[in-house]
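A.B. asks: predicted structure and sequence below. I'll ask about it afterward.
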Amino acid sequence: MPVRDHFHSPLDDFTSWEGFYGQWPAMIVLGLQGKLPAGYRAAPRVHPELTSNAAYEVQNFDTKRARRLVAAIQIVTPANKDRPEHRQAWVSKCLALLQNRVSVTFVDLVTTRHFNLYCDLLEMIGQVDATLAPTPPAQYAVSYRSTQNSEGERLETWSERLAIGSPLRTLPLWLADNLPYRWN
(Lines give C-alpha, C1' and ligand atoms only; values in the text may rest on other atoms or scores of the structure.)
Protein backbone atom coordinates (compact mmCIF):
# COMPACT_ATOMS: atom_id res chain seq x y z
CA MET A 1 0.00 0.00 0.00
CA PRO A 2 1.51 3.37 -0.93
CA VAL A 3 1.82 6.03 1.72
CA ARG A 4 -0.47 8.97 0.94
CA ASP A 5 -0.75 12.48 2.39
CA HIS A 6 -4.29 12.70 3.80
CA PHE A 7 -3.63 16.14 5.27
CA HIS A 8 -3.03 18.18 2.09
CA SER A 9 -4.40 18.50 -1.46
CA PRO A 10 -5.45 16.60 -3.46
CA LEU A 11 -6.77 13.99 -0.95
CA ASP A 12 -7.70 16.61 1.63
CA ASP A 13 -9.93 18.34 -0.97
CA PHE A 14 -12.50 15.55 -1.09
CA THR A 15 -12.06 13.44 2.04
CA SER A 16 -10.84 13.83 5.61
CA TRP A 17 -8.00 12.08 7.34
CA GLU A 18 -10.48 11.05 10.06
CA GLY A 19 -12.45 8.96 7.56
CA PHE A 20 -9.33 7.10 6.45
CA TYR A 21 -8.03 6.68 10.00
CA GLY A 22 -11.45 5.54 11.23
CA GLN A 23 -11.55 2.70 8.71
CA TRP A 24 -7.86 1.75 8.74
CA PRO A 25 -7.89 -0.30 11.99
CA ALA A 26 -10.82 -2.39 10.69
CA MET A 27 -9.00 -3.02 7.41
CA ILE A 28 -5.87 -4.10 9.29
CA VAL A 29 -7.99 -6.53 11.35
CA LEU A 30 -9.54 -7.94 8.16
CA GLY A 31 -6.05 -8.40 6.74
CA LEU A 32 -4.92 -10.24 9.88
CA GLN A 33 -7.94 -12.60 9.99
CA GLY A 34 -6.92 -16.08 9.00
CA LYS A 35 -3.24 -15.12 9.04
CA LEU A 36 -2.62 -14.88 12.78
CA PRO A 37 -1.58 -18.14 14.44
CA ALA A 38 -4.20 -20.17 16.29
CA GLY A 39 -5.05 -18.63 19.64
CA TYR A 40 -4.48 -15.02 18.58
CA ARG A 41 -7.17 -12.49 17.66
CA ALA A 42 -7.07 -8.88 16.51
CA ALA A 43 -9.66 -6.23 17.29
CA PRO A 44 -9.95 -2.61 16.14
CA ARG A 45 -10.23 0.20 18.64
CA VAL A 46 -11.23 3.65 17.47
CA HIS A 47 -11.71 6.59 19.83
CA PRO A 48 -11.36 9.66 17.59
CA GLU A 49 -11.61 12.34 20.26
CA LEU A 50 -9.49 15.26 19.12
CA THR A 51 -7.32 15.16 22.23
CA SER A 52 -4.08 13.52 23.24
CA ASN A 53 -6.14 10.39 23.92
CA ALA A 54 -7.24 9.98 20.29
CA ALA A 55 -6.78 6.29 19.56
CA TYR A 56 -6.81 4.53 16.23
CA GLU A 57 -5.36 1.12 16.93
CA VAL A 58 -5.49 -2.62 16.51
CA GLN A 59 -5.15 -4.67 19.65
CA ASN A 60 -3.89 -8.25 19.37
CA PHE A 61 -4.80 -10.74 22.07
CA ASP A 62 -3.58 -14.17 23.11
CA THR A 63 -6.82 -16.09 23.66
CA LYS A 64 -4.94 -18.96 25.33
CA ARG A 65 -4.01 -16.57 28.15
CA ALA A 66 -7.43 -15.06 28.91
CA ARG A 67 -7.32 -12.52 26.09
CA ARG A 68 -4.05 -11.01 27.27
CA LEU A 69 -3.03 -8.02 25.16
CA VAL A 70 0.25 -9.02 23.48
CA ALA A 71 0.64 -6.51 20.63
CA ALA A 72 -0.78 -3.17 19.57
CA ILE A 73 -0.67 -1.35 16.25
CA GLN A 74 -1.04 2.38 16.94
CA ILE A 75 -1.79 5.03 14.31
CA VAL A 76 -0.51 8.51 15.19
CA THR A 77 -2.98 11.41 14.75
CA PRO A 78 -2.34 15.15 14.46
CA ALA A 79 -3.73 15.59 17.99
CA ASN A 80 -1.10 13.20 19.35
CA LYS A 81 1.60 15.55 18.05
CA ASP A 82 0.10 19.03 18.40
CA ARG A 83 1.23 20.00 21.93
CA PRO A 84 4.02 18.94 24.27
CA GLU A 85 1.53 17.47 26.79
CA HIS A 86 -0.16 15.43 24.03
CA ARG A 87 3.17 14.09 22.80
CA GLN A 88 4.05 13.24 26.41
CA ALA A 89 0.72 11.42 26.87
CA TRP A 90 1.27 9.40 23.67
CA VAL A 91 4.81 8.44 24.64
CA SER A 92 3.69 7.52 28.18
CA LYS A 93 0.92 5.29 26.78
CA CYS A 94 3.39 3.49 24.51
CA LEU A 95 5.91 3.15 27.33
CA ALA A 96 3.22 1.64 29.60
CA LEU A 97 2.43 -0.95 26.90
CA LEU A 98 6.12 -1.76 26.62
CA GLN A 99 6.48 -2.12 30.40
CA ASN A 100 3.59 -4.62 30.31
CA ARG A 101 5.50 -6.66 27.69
CA VAL A 102 3.13 -5.65 24.90
CA SER A 103 4.94 -5.23 21.60
CA VAL A 104 4.03 -1.99 19.87
CA THR A 105 4.00 -1.01 16.22
CA PHE A 106 3.11 2.50 15.31
CA VAL A 107 2.73 4.34 12.06
CA ASP A 108 3.08 8.10 11.81
CA LEU A 109 1.79 9.52 8.52
CA VAL A 110 0.97 12.97 9.92
CA THR A 111 2.41 15.57 7.53
CA THR A 112 1.13 18.64 9.39
CA ARG A 113 3.19 18.19 12.58
CA HIS A 114 6.92 17.51 12.39
CA PHE A 115 7.72 15.67 15.60
CA ASN A 116 9.03 12.13 15.93
CA LEU A 117 7.26 10.39 18.82
CA TYR A 118 9.51 7.34 18.53
CA CYS A 119 12.55 9.53 19.25
CA ASP A 120 10.64 11.08 22.16
CA LEU A 121 9.99 7.57 23.53
CA LEU A 122 13.65 6.61 23.18
CA GLU A 123 14.72 9.84 24.86
CA MET A 124 12.39 9.11 27.77
CA ILE A 125 14.16 5.78 28.40
CA GLY A 126 17.66 7.09 27.69
CA GLN A 127 18.15 5.47 24.28
CA VAL A 128 18.76 6.63 20.69
CA ASP A 129 18.26 5.06 17.28
CA ALA A 130 21.33 5.88 15.19
CA THR A 131 19.50 4.90 11.99
CA LEU A 132 17.37 8.04 12.31
CA ALA A 133 20.31 10.46 12.56
CA PRO A 134 21.01 13.22 11.84
CA THR A 135 17.40 14.41 11.43
CA PRO A 136 14.60 12.06 12.49
CA PRO A 137 11.81 11.80 9.89
CA ALA A 138 8.34 13.17 10.59
CA GLN A 139 6.75 10.19 8.77
CA TYR A 140 7.92 6.77 9.89
CA ALA A 141 6.84 3.36 11.12
CA VAL A 142 8.38 1.51 14.04
CA SER A 143 7.98 -1.77 15.88
CA TYR A 144 9.50 -2.39 19.26
CA ARG A 145 9.34 -4.85 22.10
CA SER A 146 10.90 -5.57 25.43
CA THR A 147 12.62 -8.94 25.88
CA GLN A 148 14.40 -10.73 28.69
CA ASN A 149 17.79 -12.37 28.23
CA SER A 150 20.62 -13.47 30.51
CA GLU A 151 21.85 -9.87 30.68
CA GLY A 152 18.43 -8.52 31.72
CA GLU A 153 15.78 -6.44 29.99
CA ARG A 154 16.45 -5.55 26.36
CA LEU A 155 14.65 -3.21 23.93
CA GLU A 156 14.50 -4.36 20.30
CA THR A 157 13.35 -1.90 17.64
CA TRP A 158 12.75 -1.82 13.89
CA SER A 159 12.21 1.58 12.30
CA GLU A 160 11.46 2.64 8.75
CA ARG A 161 11.42 6.09 7.22
CA LEU A 162 8.25 6.62 5.20
CA ALA A 163 7.91 8.72 2.07
CA ILE A 164 4.73 9.88 0.37
CA GLY A 165 4.08 7.65 -2.67
CA SER A 166 6.38 4.86 -1.47
CA PRO A 167 5.02 1.57 -0.14
CA LEU A 168 4.30 1.07 3.55
CA ARG A 169 7.05 -1.28 4.71
CA THR A 170 6.51 -4.65 6.37
CA LEU A 171 7.28 -4.61 10.09
CA PRO A 172 7.32 -7.34 12.72
CA LEU A 173 4.36 -7.65 15.07
CA TRP A 174 5.61 -9.71 18.00
CA LEU A 175 2.87 -11.89 19.47
CA ALA A 176 5.27 -13.72 21.81
CA ASP A 177 9.03 -13.75 22.39
CA ASN A 178 9.52 -16.38 19.71
CA LEU A 179 6.52 -15.60 17.49
CA PRO A 180 6.80 -12.70 15.07
CA TYR A 181 4.15 -11.94 12.49
CA ARG A 182 5.04 -9.58 9.64
CA TRP A 183 2.38 -7.10 8.53
CA ASN A 184 1.97 -4.02 6.40
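C.D. replies: Cool, got the structure. Numbering: from 1, shown residues only.
A.B. asks: okay, now Gln148: neighbour count?
C.D. replies: 10 (other CB atoms under 10 Å). Where C-beta positions appear, they are placed from N, C-alpha and C, glycine not excepted.
A.B. asks: so what does it have for phi and psi?
C.D. replies: Dihedral pair for Gln148: phi -110, psi 130, per degrees, to the nearest 10.
A.B. asks: ok, it touching Leu155?
C.D. replies: No: with contact defined as CB atoms under 8 Å, Gln148 does not count as touching Leu155 (11.3 Å).
A.B. asks: now do the strands in this structure.
C.D. replies: 40-47, 55-62, 68-75, 103-108, 140-149, 152-161, 171-176, 179-183 (DSSP state E).
A.B. asks: which of those has the lowest mean pLDDT?
C.D. replies: Lowest mean pLDDT of the strands of the chain: strand 179-183, a mean of 58.
A.B. asks: coming back round to it: Serialize the strands of the chain to a markdown table and add fields for distance to Val91.
C.D. replies: As requested, these are exported to a markdown table (distance: least, CB to CB, whole Å):
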| stretch | distance to Val91 |
| --- | --- |
| strand 40-47 | 18 |
| strand 55-62 | 14 |
| strand 68-75 | 11 |
| strand 103-108 | 11 |
| strand 140-149 | 12 |
| strand 152-161 | 14 |
| strand 171-176 | 19 |
| strand 179-183 | 23 |
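A.B. asks: of the ones you listed, which approaches Tyr21 most closely?
C.D. replies: Taking CB to CB, strand 55-62 is the member of the strands of the chain nearest to Tyr21, at 4.7 Å.
A.B. asks: surely Glu153 touches Ile125?
C.D. replies: No: Glu153 is beyond contact range of Ile125, at 10.3 Å (criterion: CB under 8 Å).
A.B. asks: any residues in contact with both of the two?
C.D. replies: Common contact partners of Glu153 and Ile125 (CB atoms under 8 Å, 6 or more residues apart in numbering): none.
A.B. asks: so which of the strands of the chain is the most packed in?
C.D. replies: Highest mean neighbour count of the strands of the chain: strand 103-108, a mean of 24 (counted as mean count of other CB atoms under 10 Å).
A.B. asks: how far off centre is that one?
C.D. replies: Centroid separation for strand 103-108 versus its chain: 2 Å, with CA atoms, centre = their mean, to the nearest Å.
A.B. asks: neighbouring strands for that strand, and are they parallel or not?
C.D. replies: strand 68-75 (parallel), strand 140-149 (antiparallel) (DSSP bridges).
A.B. asks: could I get these in a markdown table, plus columns for distance to Trp24?
C.D. replies: Output for the strands paired with strand 103-108, formatted as a markdown table (distance: least, CB to CB, whole Å):
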| stretch | distance to Trp24 |
| --- | --- |
| strand 68-75 | 6 |
| strand 140-149 | 13 |
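A.B. asks: so who does the most centrally placed residue in the chain touch?
C.D. replies: Nearest to the geometric centre of the chain sits Phe106, at 1.1 Å (CA atoms, centre = their mean). By CB under 8 Å, 6+ apart, the contact list for Phe106 reads Ile73, Gln74, Ile75, Val76, Cys94, Leu117, Tyr118, Ala141, Val142.
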